[in-house]
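In: Give me coordinates for this.
(chains A and B)
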Amino acid sequence: MLTFVARRLLYLVPVLIAVSLLTFLIASLLPGDLAYTILGDQATPEKVAALRADMGLDQPIWVRYFGWLGNIMQGDFGRSFRTGQTVLQAVTERLPISLELMFLAQIAALAIGVPLAIICAARSGGPFDRFMTGTAFGMLSVPTFLSAILLIYLFAVELRWLPATGYVPFSEDPARNLRFMVLPALTLALAEWPGIMRVLRSDMIATLQEDYIALAKAKGLKASRILFVHALKPSSLTLVTITGINIGRLIGGAVIVETVFALPGIGRLLVGAITTRDLIILQGVVLLVGAGFVLLNFIVDMLYAMLDPRIRHGHA
Amino acid sequence: MTEAPLLSVEDVTVNLPTPRGNLRAVDHVDLTVGAGRTLGVVGESGCGKTMLSRAILQLLPKKAKLSGRVMFDGQDLLQLSPEKLRKLRGRSLAVVFQDPMTSLNPVLTIGTQLIETLQEHLELDMAAATRRSVELLAAVGIPAPEQRLMQYPHQLSGGMRQRVAIAIALSCEPKLLIADEPTTALDVTIQAQILDLLAREQRRRHMAMVLITHDLGVVAGRTDEVAVMYAGRVVERAPTPALFKKMRMPYTEALLAALPKIDAAPHTPLPAISGRPPDPTRPLKGCSFSPRCRYAAGQCHTEKPGLAEAESPAHLYACFHPIEAGAGISA
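Out: Residues are numbered from 1 along each chain as shown, chains lettered A, B, ... in the order given. The predicted model follows:
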């Protein structure tokens, strides 16, 4: 098991290098000169040249890349030229918001998707299964900006149960924080649960055809034990995969939801950096989000090994 | 036989709807097994043996339609509530499936799979169930049983896995064990060991057993009675010694002839049964074996022979042109 973990950790190194290289390239290849962006159109060529030399922009791209990478190794991701905030400051300030949103959304999506998948698989082909499969398909086609607006209209405007926009830190007032989080988390969960349900349902249906399920029935086990112990665990590998990918995507990808609900998370930070052409923030945040995504998928790999002993023992 | 048999399969028919039409997997089968007795069910692949075993266990696919009666221990299994059936399965009616590679759950330890059965039916606490699991694994010939409890199926060989499956089946001292081709998926060297283990445990526990196989050699000497199935029907049924002494049904004879003989000269061609069993979705009007039978005459192609008595009431066969006494190939 330990060598398994070590091997997987070793795989991370080239992936992370590739992520940093791509991030840097994309940011560097964007049109426009950073020095002009900082100084404005009216700047004299001399001042621009001086700033370029100062920032190292006149160096070849690979020198800049290794310089940037070297600074990152020392924990220096750079500093926004607009606000003076370092990338790490900006991210640590906003990350808890995005993490909380992502966590609540995944919990809600799993809480909806997993039980429905199990019921549908146990009664596959029945009226409930057909109804839910159809509903899931419909929900899959609803974009988040639409469900966000509909939820705001229903719960904030008509029923007045929950606030439409805004944010209070969890440390300040947990109850109010959660009230602000319910609608954005629900919006994301509504987009996530159909995928969870469809994947788990079809894996469960396949598992329920297995010989060992027939034997579990022949052993006289209770239906609940067969479903939850014998069938759920071997069916959940794909579920873990898509949950891992979803979470990674949500760290920086909840842009629309954070914008609609005015949550100051990583997504809004990214959008802000793009609109103000704050390249230092942009490449720093993209790199951190990318690294987080890679790390999450490493955790998913570990979860596979927990779920299936054959992976743990290197048989599969 | 004066008392009611432990298992009695009465006029059981299984129909499966398929895209190609209705498939009659089991066709009006009658069988009985007394307490502590063994019945061998023999036939080619696709002759309905497994469907028959699934019908007894009530584990048929959802779409299958079952008619007839399956009486087990005085109860009609078809009429039982799901809850009563569940209490019976694993407790007094146990099964060993064909392939131990797929019949054990890959993500649960051997211990979990044994202990859960014991706890479900015998109300044992964890310590008692664990102790009993170790005893069971030792009884089926698994070395170092304590360590095995912590292992997963993939860490065991095929033969060992089948021993585990047998230990699970035996765990609650069932009255009847259905062994559905228990050695087909195993190495030849392991087959005899597993069959001997089953026979030994069957005698020791005074348990009835239905041994399903495609190999007449397996049932010889290990069963009290043999039923030969072909195309979903029982075509010959007799006490094992009587069957091997003089078989009446040409299909039984052909099955036996198709077994390789240890004393045959090298390079003797094996008299395999040519042709294939009939398409079960297109039942024949006459005897199902007639297209492949070397004795078949006019009547065989137009009429289905019933299961009739031979010289003794225990020996039944379905054939218009039975092999004359003494003409059969000696076993």
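
In: CA only for contacts and neighbour counts going forward, please
Out: Fine.

In: neighbours around the nearest residue to A:Arg79 once chain neighbours are set aside, how many?
Out: With Cα to Cα, 6 or more residues apart in numbering or on different chains as the criterion, A:Arg79 has its nearest non-adjacent residue at 4.0 Å, and that residue is A:Thr86. By other Cα atoms under 10 Å in any protein chain shown, 17 other residues sit near A:Thr86.

In: B:Lys63 now?
Out: 10.

In: B:Gly286 too?
Out: 16.

In: one step back: got a list of what the residue nearest to A:Arg79 touches?
Out: By Cα atoms under 8 Å, 6 or more residues apart in numbering or on different chains, A:Thr86 lies in contact with A:Phe77, A:Gly78, A:Arg79, A:Ser80, A:Ile281.

In: Likewise for B:Pro322?
Out: B:Pro322 sits in contact with B:Arg248, B:Met249, B:Pro250, where contact means Cα under 8 Å, 6+ apart.

In: Most neighbours among those, which one?
Out: B:Arg248 (28 neighbours).

In: For chain B, which residue occupies the most central location?
Out: The geometric centre of chain B, computed from its C-alpha atoms, lies nearest to B:Ile212 (Cα atoms, centre = their mean), at 2.0 Å.

In: What are the buried residues along the host helix or strand of A:Arg130?
Out: Element membership for A:Arg130, per DSSP states H and E: helix A:127-140. Within helix A:127-140, the residues scored as buried using 16 or more other Cα atoms under 10 Å in any protein chain shown are A:Asp129, A:Met132, A:Thr133, A:Ala136, A:Met139, A:Leu140.

In: Measure how buried A:Gly32 is and give me the count.
Out: 10.

In: distance of it from A:Ile38?
Out: 11 Å (Cα to Cα, to the nearest Å).

In: Out of the contacts of A:Thr86, which is nearest to chain B?
Out: Set against chain B, the nearest of these by Cα to the nearest Cα is A:Phe77 (43.8 Å).

In: pretty sure that closest one is in contact with A:Ala90, am I right?
Out: No: with contacts counted by Cα atoms under 8 Å, A:Phe77 stays clear of A:Ala90, the gap being 10.7 Å.

In: Would you mind telling me which of these two has more residues around it?
Out: Per other Cα under 10 Å, whichever of A:Phe77 and A:Ala90 has more neighbours is A:Phe77, with 23 against 19.

In: can you pull the contacts of that one?
Out: A:Trp68, A:Asn71, A:Thr86, A:Val87, A:Leu88, A:Ile280, A:Gly284.

In: hang on, the earlier thing: which residues does the residue nearest to the centre of chain B bridge with?
Out: B:Val41, B:Asp180 (DSSP bridges).

In: Was I right to think it contacts B:Asp180?
Out: Yes: assessed by Cα under 8 Å, B:Ile212 is found in contact with B:Asp180 at 4.8 Å.

In: what sits in contact with each of these two?
Out: Joint contacts of B:Ile212 and B:Asp180 (Cα under 8 Å, 6+ apart) are B:Thr50.

In: Tell me the buried residues in the longest helix belonging to chain B?
Out: Criterion DSSP state H: the longest helix present in chain B is helix B:188-205. For helix B:188-205, the neighbour count (16+ other Cα under 10 Å) marks B:Gln191, B:Ile194, B:Leu195, B:Leu197, B:Leu198, B:Ala199, B:Glu201, B:Gln202 as buried.

In: next one: stretch A:100-109
Out: In stretch A:100-109, counting by 16+ other Cα under 10 Å, buried: A:Glu100, A:Leu101, A:Met102, A:Phe103, A:Leu104, A:Ala105, A:Gln106, A:Ala108, A:Ala109.

In: now that stretch: how far from the chain's centre is it?
Out: Distance of stretch A:100-109 from the chain centroid (Cα atoms, centre = their mean, to the nearest Å) equals 10 Å.

In: ok so, going back, so which of the buried residues of stretch A:100-109 are in helices?
Out: Checking those against DSSP H, those in helices are A:Glu100, A:Leu101, A:Met102, A:Phe103, A:Leu104, A:Ala105, A:Gln106, A:Ala108, A:Ala109.

In: how would you label B:Glu10: helix, strand or coil?
Out: strand (DSSP: H, G, I helix; E, B strand; the rest coil).

In: Pop out the phi and psi values for the residue nearest to A:Arg79.
Out: Main-chain torsions, A:Thr86, degrees, to the nearest 10: phi -80, psi 160.

In: out of everything not next to it in sequence, what's closest to residue 97?
Out: Using chain A. In space, A:Ile97 is closest to A:Gly265, 5.3 Å off (Cα to Cα, 6+ apart).

In: that's the other chain; I wanted chain B
Out: B:Asp180 (5.2 Å).

In: quick one: the residue nearest to B:Arg294 when sequence neighbours are not counted from chain A, how far?
Out: The spatially closest residue to B:Arg294, leaving aside those adjacent along the chain, is B:Pro250, at 7.9 Å (Cα to Cα, 6+ apart). B:Pro250 is 35 Å from chain A, where distance means Cα to the nearest Cα, to the nearest Å.

In: coming back round to it: name all residues that make contact with the residue nearest to B:Phe97.
Out: B:Asp180 neighbours (Cα under 8 Å, 6+ apart): B:Thr50, B:Ser53, B:Val95, B:Val96, B:Phe97, B:Gln98, B:Leu211, B:Ile212, B:Thr213.

In: these two touch, right, the second one and B:Ile178?
Out: Going back to what we said before, that points to B:Ser53. Yes: here B:Ser53 reaches B:Ile178: they are 7.2 Å apart, a contact under Cα under 8 Å.

In: Please, where are all the helices along chain B?
Out: Going by DSSP H, chain B shows helices at B:49-57, B:82-88, B:100-103, B:110-122, B:126-139, B:145-149, B:158-170, B:188-205, B:216-219, B:240-245, B:250-257, B:298-302.

In: for the longest one, packing partners?
Out: Looking back up the chat, that one is helix B:188-205. helix B:158-170 (3 or more Cα pairs under 8 Å, 6 or more residues apart in numbering or on different chains; DSSP states H and E).

In: outside of the helix it packs on, which residues touch it?
Out: A:219, B:90, B:94-97, B:99-101, B:103-104, B:110, B:113-114, B:117, B:136-137, B:139-142, B:153, B:177, B:182, B:186-187, B:190, B:194, B:198.

In: Show me which of the residues you listed are buried.
Out: A:219, B:90, B:94-97, B:99-101, B:103-104, B:110, B:113-114, B:117, B:136-137, B:139-142, B:153, B:177, B:182, B:186, B:194, B:198.

In: and the closest residue in space to B:Ile115 that isn't next to it in sequence, how far is that from chain A?
Out: In space, B:Ile115 comes closest to B:Ala129 once its chain neighbours are excluded; the distance is 5.7 Å by Cα to Cα, 6+ apart. From B:Ala129 across to chain A, the span is 15 Å (Cα to the nearest Cα).

In: Am I right that B:Ala129 is in contact with B:Leu118?
Out: Yes: applying Cα under 8 Å, one finds B:Ala129 in contact with B:Leu118, separated by 6.2 Å.

In: When the two are compared, which one has more neighbours?
Out: B:Leu118 (25 against 21).

In: so where do the helices sit in the stretch 151-300 of chain A?
Out: Ranges of helices within the stretch 151-300 of chain A are A:174-208, A:211-218, A:223-225, A:232-235, A:237-253, A:255-260, A:266-275, A:279-307, based on DSSP state H, counting those that start in this stretch.

In: Among the ones you listed, which comes closest to chain B?
Out: Closest among the helices of the stretch 151-300 of chain A, using Cα to the nearest Cα: helix A:211-218, at 4.1 Å.
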